[in-house]
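> Model the following, please.
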Amino acid sequence: MSTADIRLVVLDMAGTTVADGGLVEQAFTAAAAELGVLAGTPEFQPMLDHVRATMGESKISVFRHLFGAEEKAQRANAAFEQAYHDLVDAGHCAPLPGAAEAIAELRAAGLKVALTTGFSRATQDRILAALGWQEIADLTLCPADAGRGRPYPDMALTALLRTGTDAVQQLAVVGDTGYDMLTGSRAGASVVAGVLTGAHDAPRLRADGATHVLGSVAELPAILR
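The predicted structure follows:
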């Protein structure tokens with residue numbers, strides 16, 4: 001199946017369509033501090049390294065890995081979300097150049113577009129509201145809407161079901177992390193496109209299944225024509 005047969009595009013948010021600008025790391029630093037792990041201490045850096053390596057994964061899953069006990073993971077997640085919300089409310093949230101235009105071009109060509117995230121629904125909605133993007137896509141999904149977050153295929157396949165897309169071969173999955181690429185390949189997507197505006201570099205994206213590596217999401221409509 002050629003790229004011209006794509007009918008549904010599943011797009012990541014932070015790092016792909018939305019500028020991250022270090023917000024995830026800032027919010028994680030606040031979350032770790034809530035559990036007594038302060039920046040600059042010996043235990044902090046390995047945790048930050050794990051957060052960087054697993055960018056794109058459901059945040060509560062990351063905190064379960066780092067802090068073990070569910071109560072601690074939930075406390076960290078709540079602190080992370082509050083810190084991220086404060087950063088968004090302070091204006092530290094912007095679309096990546098060309099992202100809104102690319103989404104509009106895809107939809108004008110008759111493709112369905114779903115925006116996905118590893119954040120909670122509350123955080124996703126906060127970002128969409130800050131950008132005025134509540135109506136920009138056909139569908140928005142967070143891990144809780146689908147069952148499991150990345151690197152599992154649940155969000156991509158949920159998008160396929162909810163948009164009435166006929167086959168996984170008509171699916172394109174686009175993101176800035178290796179976990180996005182794993183999601184796309186596990187979902188059976190014909191196009192699994194990595195962008196270089198976020199967390200991971202081209203070798204990591206390709207190693208995890210990218211069929212295309214793009215400078216940014218602005219280049220996406222051209223490869224799907």
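> which regions of the chain lie under the pLDDT threshold?
1-2, 4 (pLDDT under 70).
> Do a quick rundown of the strands in it.
For the chain, the strands defined by DSSP state E occupy 8-12, 18-19, 94-95, 112-116, 139-141, 171-175, 191-195, 212-214.
> now, of those strands, which is deepest in the fold?
strand 171-175 (a mean of 30; mean count of other Cβ atoms under 10 Å). All C-beta spots, glycine's among them, are computed from the backbone N, C-alpha and C.
> rewinding a little: can you redo the strands of the chain as TSV with distance to E34?
What follows is the strands of the chain, written out as TSV (distance: least, Cβ to Cβ, whole Å):
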stretch	distance to E34
strand 8-12	26
strand 18-19	24
strand 94-95	27
strand 112-116	27
strand 139-141	27
strand 171-175	28
strand 191-195	32
strand 212-214	37
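> To P153, which of those strands lies closest?
Smallest distance to P153 across the strands of the chain (Cβ to Cβ): 8.7 Å, for strand 171-175.
> partners of the closest one in the sheet?
strand 8-12 (parallel), strand 191-195 (parallel) (DSSP bridges).
> Pull the contacting residues for the nearest residue to A218 once chain neighbours are set aside.
The spatially closest residue to A218, leaving aside those adjacent along the chain, is G98, at 2.9 Å (Cβ to Cβ, 6 or more residues apart in numbering). Neighbouring residues of G98 by Cβ atoms under 8 Å, 6 or more residues apart in numbering: S216, V217, A218.
> I'd say the last one and A104 touch.
No: distance between A218 and A104: 11.6 Å, which falls outside the contact criterion (Cβ atoms under 8 Å).
> I'd like the contacts of G98 laid out as JSON lines, including distance to L171 and neighbour count.
Below are the contacts of G98 laid out as JSON lines (distance: Cβ to Cβ, whole Å; neighbours: other Cβ atoms under 10 Å):
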{"residue": "S216", "distance to L171": "21", "neighbour count": "18"}
{"residue": "V217", "distance to L171": "16", "neighbour count": "30"}
{"residue": "A218", "distance to L171": "21", "neighbour count": "18"}
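> Would you tell me which one of the residues you listed comes nearest to L11?
When the contacts of G98 are compared against L11 (criterion: Cβ to Cβ), the nearest one is V217, at 6.9 Å.
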